[in-house]
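**Q** got a predicted model here, sequence first, then my questions.
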Protein chains: 2
Amino acid sequence: MKVSHFPISTLRETPADAEIKSHQLMLKAGMIKRVSSGLYTWAPFGLKVMRKVEEIVRDELNKAGLVELLMPTVQPAELWQESGRWEQFGPELLRMNDRKGAEFCYGPTHEEIITDYARKELKSYKELPVTYYQIQTKFRDEVRPRFGVMRSREFIMKDAYSFHTTQESLQETYDQIHAAYSRIFERMGLTFRPVLADSGAIGGSTSHEFHVLADSGEDAIAFSDKSDYAANIELAVALPPKGERPEPTEEMQTVDTPDSHTIDAVSAFLNKPAESSIKTLIVEGEEEGEVVAILMQGNDQLNELKAEKIDGIGSPLTPATEEQLLQAVGCNAGSIGPVGLKIRIFADHAVKNMADFVCGANVDDKHHIGVNWGRDLPEPEYVDVRNVVEGDPSPDGKGTLSILRGIEVGHIFQLGTKYSEAMNATVLGENGKPEIMTMGCYGIGITRVVAASIEQSHDDNGIIWPAALAPFQLSIVPINYNKSEDVKAEADALYEELIAAGYDVLLDDRNMRPGAMFADHELIGIPHRIVISDRGLKEGQVEFKSRTDDDANDVQRADIMQFVADKLKA
Amino acid sequence: MKVSHFPISTLRETPADAEIKSHQLMLKAGMIKRVSSGLYTWAPFGLKVMRKVEEIVRDELNKAGLVELLMPTVQPAELWQESGRWEQFGPELLRMNDRKGAEFCYGPTHEEIITDYARKELKSYKELPVTYYQIQTKFRDEVRPRFGVMRSREFIMKDAYSFHTTQESLQETYDQIHAAYSRIFERMGLTFRPVLADSGAIGGSTSHEFHVLADSGEDAIAFSDKSDYAANIELAVALPPKGERPEPTEEMQTVDTPDSHTIDAVSAFLNKPAESSIKTLIVEGEEEGEVVAILMQGNDQLNELKAEKIDGIGSPLTPATEEQLLQAVGCNAGSIGPVGLKIRIFADHAVKNMADFVCGANVDDKHHIGVNWGRDLPEPEYVDVRNVVEGDPSPDGKGTLSILRGIEVGHIFQLGTKYSEAMNATVLGENGKPEIMTMGCYGIGITRVVAASIEQSHDDNGIIWPAALAPFQLSIVPINYNKSEDVKAEADALYEELIAAGYDVLLDDRNMRPGAMFADHELIGIPHRIVISDRGLKEGQVEFKSRTDDDANDVQRADIMQFVADKLKA
């Protein structure tokens, strides 16, 4: 393409309201234009990258035997009422009424539509397994749309749904799609990890997320250094500590800790390390009005998802109100502790081997020190309720964990029968009787992949695309295209040669000063550029520079096609 | 693809609620599945055809220098308020509120969004002309969705918008896109006509529709047999009759015409041809409460669009109420006539040369006969207000008109400044001052093209695709694929050979009886099929049959690749 037919529209200034790098760079590079909160137009450069993402996804899924179809974006309420989600789904579901008053929504996901499709389409177990997929626009009315297309309201997803009569078949398809996802993200040139994940609101049991690694990622991911183990930190199991609890060496005393209401403040005041303190959280229990205590070692972070799954702790996790605190404990947050507490007490495993520890005394501005289990208070119920940290043992027993940050770009679930049962999606089984189908579902955020790739790879000058996603493979930047006949002739000739050789090439025919053109091509992230100037042509040369090279190469005009072939192969 | 991964799901029965052939065949062939009124899932065979339509459109538009982008489907009300269409658009606009109560619509078209894009993006006349396009899902809340994807609520359109500072530039782009549209529909293998059209509610002046010709088409199109003239019948000019009006030969008389309230009934009763009668319609005038008369020769059809454009006739065209009739005329419809009428009278040109004619007497169940202009009543105002008919002279003076039926699949408009003025979309002109841009807009109904192609080409056995749109180029139908090792081996080998040679081929590995498979492939419209059977293989042969051939050819297995190459080239 020539820029005259594929307009570059870069910005000089970083837009003030863009918080993360990918959002800033997509706006600056003119890939997207804001229409309204969470709504964007994909400008030519953005769309071209997004289509490359789409094509890789489509190609790999077709090769894996998935069947493409296209469901409507507008979905009738009836189907959502059948699944029960019309009531369950919150305000993220964009609801609307048609001219006759009938209720519809703009699909944020398509479980209901595909289950309806499958129950009408599939008659016999012999037609299974089958996996349908689509690449379709979706809408999620985010409470706070932000980060550009990373968390926009309208977005494009690849969603796939598989149907089975046995768990074995579901597992087999799940594994195949897991492998296809790995091929997809590898082919895109992204550094990614599949990790164990929580299956959340969609339902089901087994689930993996695919994360593009980036320091700015919203999710923390725990990896083993000695095995394949990888899990979203939400889910990563913290093993109980090894070894024995030390014997007590101190007597329990109560000390004043004026104005010290955090672990750090208490530790500093008492001149003891934070690991020797226990922090106590009071939250709602499962019974109406009940509160329970959760104990953690001073430095550890509570894992809410783990807490919510523990029998006896309320879900969603809800801190006790001030009134509940005063009634159950008799003091304010900041001085709470387990000694003498008359409510159910859960303690993280890490607390088990603590001796001579510090904890709140349940009197404002007082703490106990030298506290010991069994002697000063009864043993609590031990549970896994903390986030793992760097250096923890891997839960599979192999190696230790390290923590990286990631952006979720794919998610696969074993749904089970949640939708098929509610919507009575059956096939005739081997015994001739109707059987409820078992389902899997599999998503990739097409538009999000574009942003995630940028988060992973950019520098001060702009985007650095992996070759497979770059909007163009290379560009030609002629200097004085409109003034020098030689430059124009060579630029046009090379452009035609490159196209004939099958390259996706951009010719910048804007007649701007070279520095401005170079800056644009670097910002947009075109992987290689060839500069054609009168000065070079005098020596029979053109200049070749890759986006990540510090210096340019002078290449004989006659050799440039071979040079390009070698560079782009590598 | 193999059918095991590209499921055929045909129906035996013609769905009762499908009124037109394309809807019936798309359902029977399993191309689309109904989700709700006017909402369809595109099943694999339908989607594959639709993508071929998309790709041809995209390729030709890229070649013509148009710039692809992708605008959101959900559009903020603010922009529609700026253009004034938020109030003007009726219930076809699907409106919705987001979680904060802000108003949005699901875009039925994108003039507002693109005008907003252009006014932010384009700074100088030097950047013009530019034409943006997208292929995007749209929603129009039809009062009566029907005919499958021919008039569905959710549909896919290619819409394009051009920006200019001069009418000459607009005309040039308009002509280029007119030519690109012709290439697109030619490449699709469709029989089509570009015709002059009304620009309707979108606004603007010059406009052409592209019609796929089909007997079932909703639109009538008038063509000259001696020139390029072609126009939607809505717009085709009816020339005044040539020659002189004959002299009166009869005296005016009033006769009883009991129970004769239509032209046909009166003509039969009086034993006179319908062409010798004048029919009189009373409609609302332009002034509040005023009514006017429209006179037509007995056999002619009123053209509402022409009528609405006449100064003095109200728009939209509104028949007089019974009360208005009795007050202005004194009789009921069926006996109205122009003699003695005290309201403004418009008469179609065809009426001008009538003598000794019949018309209502403005008394129930009475007509005048032997009526003559000038003598019995004053000359009316002559206008063009009828539909042209087969045999009318072409309005360009060359040849005569014939009438065909068509399905509108494309429409191009010269919009002018309707949107750019309302939304203040300017660029700096050559004189350095802001100039309102002039716009064109250009649509193709992607999903509709699929249905139109079927309306144009099918037989009793199913769909007959033009080669460019067929879901597969050819299919392999093995007999006893699961029982005969020879058949399986040859079918698989030929399948791989055809794929390696670049053909888009479907292998039917369903193990059904041959007749059922043949019927499916004919219904779906695969243009050629190769049957592989033990019987044929004994002779070293396979069987080749094209969808439109009566008989099959036995071809040596060794020659089949060359045979396919020859057949598919032709």
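**A** That came in fine, so what should we check first?

**Q** so which residues on the stretch 151-300 of chain A come close to chain B?
**A** By the rule Cβ under 8 Å from any Cβ of the partner chain, the part of the stretch 151-300 of chain A lying against chain B is A:153-154. For glycine as for every other residue, the C-beta is placed from the backbone atoms N, C-alpha and C.

**Q** can you pull out the strands in the stretch 151-300 of chain A?
**A** In the stretch 151-300 of chain A, the strands defined using DSSP state E, counting those that start in this stretch lie at A:154-164, A:192-196, A:207-213, A:219-224, A:230-232, A:253-256, A:278-284, A:291-297.

**Q** could I get those in a markdown table, plus columns for mean neighbour count, distance to residue B:498 and mean pLDDT?
**A** Converted to a markdown table, the strands of the stretch 151-300 of chain A look like this (neighbours: other Cβ atoms under 10 Å in any protein chain shown; distance: least, Cβ to Cβ, whole Å; pLDDT from 0 to 100):
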| stretch | mean neighbour count | distance to residue B:498 | mean pLDDT |
| --- | --- | --- | --- |
| strand A:154-164 | 25 | 28 | 98 |
| strand A:192-196 | 21 | 36 | 92 |
| strand A:207-213 | 25 | 35 | 95 |
| strand A:219-224 | 22 | 45 | 91 |
| strand A:230-232 | 22 | 43 | 88 |
| strand A:253-256 | 12 | 86 | 94 |
| strand A:278-284 | 22 | 65 | 95 |
| strand A:291-297 | 23 | 65 | 96 |
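
**Q** which among these is found nearest to residue B:554?
**A** strand A:154-164 (41.2 Å; Cβ to Cβ).

**Q** that closest one pairs with which strands?
**A** strand A:130-139 (antiparallel), strand A:438-445 (antiparallel) (DSSP bridges).

**Q** deepest of the ones you listed, which one?
**A** strand A:438-445 (a mean of 26; mean count of other Cβ atoms under 10 Å in any protein chain shown).

**Q** quick check: mean pLDDT across it?
**A** What strand A:438-445 shows for mean pLDDT is 97.

**Q** related to what we said a few turns ago, can you redo the strands of the stretch 151-300 of chain A as a markdown table with distance to residue B:542?
**A** As requested, these are arranged in a markdown table below (distance: least, Cβ to Cβ, whole Å):
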| stretch | distance to residue B:542 |
| --- | --- |
| strand A:154-164 | 35 |
| strand A:192-196 | 45 |
| strand A:207-213 | 45 |
| strand A:219-224 | 55 |
| strand A:230-232 | 52 |
| strand A:253-256 | 95 |
| strand A:278-284 | 73 |
| strand A:291-297 | 73 |
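
**Q** of all those strands, which lies closest to residue B:395?
**A** Of these, nearest to residue B:395 by Cβ to Cβ is strand A:154-164, at 46.9 Å.

**Q** in the stretch 301-450 of chain A, what residue is nearest chain B?
**A** residue A:447 (9.9 Å; Cβ to the nearest Cβ).

**Q** output the helix or strand hosting that residue as CSV, nothing but the C-alphas.
**A** Following DSSP states H and E, the helix or strand that holds residue A:447 is helix A:446-456. What follows is helix A:446-456, C-alpha atoms only, in CSV (Å, rounded to 0.1, in the frame of the first residue of the first chain):
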residue,chain,number,x,y,z
ILE,A,446,-8.9,-10.8,19.5
THR,A,447,-8.9,-7.1,20.1
ARG,A,448,-7.1,-7.5,23.4
VAL,A,449,-4.3,-9.5,21.9
VAL,A,450,-3.3,-6.4,19.9
ALA,A,451,-3.0,-4.3,23.0
ALA,A,452,-1.3,-7.1,25.0
SER,A,453,1.3,-7.5,22.3
ILE,A,454,2.1,-3.8,22.6
GLU,A,455,2.3,-4.0,26.4
GLN,A,456,4.8,-6.8,26.0
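
**Q** what are the contacting residues of it?
**A** Helix A:446-456 is contacted from outside by A:20-23, A:25-26, A:31, A:46, A:49-50, A:53-54, A:57, A:135, A:147-150, A:152, A:155-158, A:188, A:190-191, A:212-214, A:216-217, A:407, A:409, A:463, A:465-466, A:469, using Cβ atoms under 8 Å, 6 or more residues apart in numbering or on different chains.

**Q** report the angle between it and strand A:192-196.
**A** On the basis of axes from the mean of the first three to the mean of the last three Cα atoms, to 10 degrees, helix A:446-456 is oriented at 120 degrees to strand A:192-196.

**Q** and stretch A:283-292, how far out from the chain middle?
**A** From the chain centre to the centre of stretch A:283-292 is a distance of 32 Å (Cα atoms, centre = their mean, to the nearest Å).

**Q** which of the contacts of helix A:446-456 are buried, as a PyMOL select command?
**A** A single PyMOL command selects the buried members of the contacts of helix A:446-456 (16 or more other Cβ atoms under 10 Å in any protein chain shown):
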select buried, chain A and resi 20+21+22+23+25+26+31+46+49+50+53+54+57+135+147+148+149+150+152+155+156+157+158+188+190+191+212+213+214+216+217+407+409+463+465+466+469
